[in-house]
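In: predicted coordinates and the sequence they were generated for:
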Amino acid sequence: MNVLTERNAGETIALSLGDMVNVRLAENPTTGSTWTTPQFDNVCLTLDDDRYVTRAQDTIGGGGVREFAFRALRVGQTQVRTVLKRPWEDDAQAQSAFVLTVIVR
């Protein structure tokens, strides 16, 4: 399984049918900001998991990681996009964005 983080934003990756990619993005919901549900072409990919994991060593309010797990379904290309923002803000007010191009072969 491929594991990607904020450092991989803007990259293009290639997957074979059935391959998995896990995107892990730092998140601290106590600030009110969370990563939005990713937007992508669900013909090429499926979102198998979307969960928030706290860091074991951190104290309350210390933050954690949002984990998105994608699986390649069909040959094609799509862009995965999510933004870090408060629910009432629009994308232009986002604190950060993560965009990844996925090519399924």
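Out: Looks like it came in fine.

In: run through the bridge partners of the residue lying closest to Met1 once chain neighbours are set aside.
Out: Leaving aside its sequence neighbours, Met1 sits nearest to Met20 (CB to CB, 6 or more residues apart in numbering; 4.4 Å). Just so you know, the C-beta spots here come from the backbone N, C-alpha and C atoms, and that holds for glycine as well. On the basis of DSSP bridges, Met20 is bridged to Arg71.

In: wait, Met20 sits on Thr46?
Out: No. If you go by CB atoms under 8 Å, Met20 and Thr46 don't touch, sitting 10.1 Å apart.

In: quick check: Ala92 is in a helix.
Out: Yes. Ala92: assigned to a helix according to DSSP: H, G, I helix; E, B strand; the rest coil.

In: what about it, how many neighbours?
Out: Neighbours of Ala92 under the rule other CB atoms under 10 Å: 7.

In: quick one: it and Val83, what's the gap?
Out: For Ala92, the distance to Val83 equals 10 Å [CB to CB, to the nearest Å].

In: helix, strand or coil: sort out Arg7 for me.
Out: Using three-state DSSP, the structure places Arg7 in helix.

In: number of nearby residues for it?
Out: With other CB under 10 Å as criterion, Arg7 counts 7.

In: let's have the chain start at 477 instead
Out: Got it, first residue is 477 now, which makes that one Arg483.

In: what bridges to the closest residue to Thr481 other than its chain neighbours?
Out: Nearest non-adjacent residue to Thr481, counting by CB to CB, 6+ apart: Arg500, 5.4 Å away. For Arg500, the residues forming beta bridges with it (DSSP bridges) are Glu543.

In: I'd say Arg500 and Arg542 touch.
Out: Yes. Contact criterion CB under 8 Å: Arg500 and Arg542 qualify, at 7.3 Å.

In: ok, those two, which is more surrounded?
Out: Neighbour totals were compared for Arg500 and Arg542, and Arg542 leads with 21 against 17 (other CB under 10 Å).

In: show me which residues of stretch 574-581 are buried.
Out: 574, 576, 578, 580 (16 or more other CB atoms under 10 Å).
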